[in-house]
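>>> Here is a sequence with its predicted model. Questions after.
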Amino acid sequence: MQSIQLRPVKSNPGLTDKVYAALRDAISHMDIYRGDEPPKLDERYLAESLGVSRTPVREALSRLEQEGLVRSIPRRGAFVVRKTKQEILEVIQVWAALESMAARLATRVASDEEIGELRKLFVTFQNPDEPQARIDEYSETNIRFHQAIIALSGNELLQRLADVPFLHMRGIRAKTISENDRASRSIVDHMHIIEALEARDAPLAEQLVRDHSFGLAEHVEKHVDYLG
């Protein structure tokens, strides 16, 4: 069973907010689609890990449940929500719209230096076999790349809207990146996207990012049979 990684938070009048933020951040860094069961969030363990009572943990979990990130099951406890296959396909569609718009905006507002940072993410993956050979490292780099495109939009509302679908996109990307040689194809797509951003070609950057997401959707539809 996958466990959530947490550090203690300091007690103050905004304690529940801090517990909520700590839990949300920790969940966002979990591979929530790894394993046979969704990750369980044990109140006692969470409270002990954070160094707080169970009351602010319970309140934070309630907020996360309202956001659709956590589900409480009577007599079983709280679990991180996993989407069904159809729901994941819908999440990818939403993400494709958000990230492709972010790419379009990035061609207008991101500096050359900021776009150049995207290339630096992949300097250690120049060999065609490197992504698959170092799959865990590449998986994290892949996720950072997509986060970076959202950030390069310079649009705070877009970034907030991307928060919830990103949690599931992170999970499904981490789960599928090692399947059907997706890592090698992924880095080729990324290089083309970076080239379009560098050229300030907004329509092309938008289209390439959208196609890249739809490629993931096609893989999920054809090959992902382990989701409900």
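Looks like it arrived, so ask away.
>>> Against residue 8, how distant is residue 212?
From residue 212 across to residue 8, the span is 39 Å (CB to CB, to the nearest Å). C-beta: built from backbone N, CA, C; applies to glycine.
>>> Neighbour count for these two, which is higher?
residue 212 (21 against 11; other CB atoms under 10 Å).
>>> and the residue nearest to that one when sequence neighbours are not counted, how many neighbours?
Distances taken as CB to CB, 6 or more residues apart in numbering place residue 189 nearest to residue 212, at 4.7 Å, with adjacent residues excluded. Around residue 189 there are 17 other residues, counting by other CB under 10 Å.
>>> Residue 25 now?
Using other CB under 10 Å, residue 25 has 11 other residues around it.
>>> Now do the same contact list for it.
Contacts here follow CB atoms under 8 Å, 6 or more residues apart in numbering; on that basis residue 25 touches nothing.
>>> now the strands for this structure?
Secondary structure of the chain (DSSP state E): strands at 40-41, 70-73, 77-80.
>>> okay, those in TSV with mean pLDDT next?
Formatted as TSV, those follow (pLDDT from 0 to 100):
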stretch	mean pLDDT
strand 40-41	93
strand 70-73	93
strand 77-80	93
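>>> Tell me which of the ones you listed is the most buried.
strand 40-41 (a mean of 20; mean count of other CB atoms under 10 Å).
>>> got the contact list for that strand?
Here strand 40-41 has contacts from 1, 4, 23, 61, 70, 77, 78, 79, 80, using CB under 8 Å, 6+ apart.
>>> how much space between the last one and residue 55?
Distance of residue 80 to residue 55, given as CB to CB: 21 Å.
>>> Which segments of this protein make up each domain?
Split into domains by automatic domain parsing, the chain comes to 15-80, 85-223.
>>> Could you work out the end-to-end span of the shortest one for me?
When you say that, I think you mean domain 15-80. Start-to-end span of domain 15-80 (CA to CA, to the nearest Å) is 22 Å.
>>> Report the buried residues of the top helix by length along the chain.
Using DSSP state H, we find that the single longest helix of the chain is helix 85-109. Across helix 85-109, burial judged by 16 or more other CB atoms under 10 Å covers 88-89, 91-92, 94-96, 98-107.
>>> And the helices in the protein?
15-28, 43-50, 54-66, 85-109, 112-120, 130-133, 135-152, 156-176, 182-198, 202-223.
>>> and residue 94, how far is that from residue 142?
Here residue 94 is placed at a distance of 19 Å from residue 142 (CB to CB).
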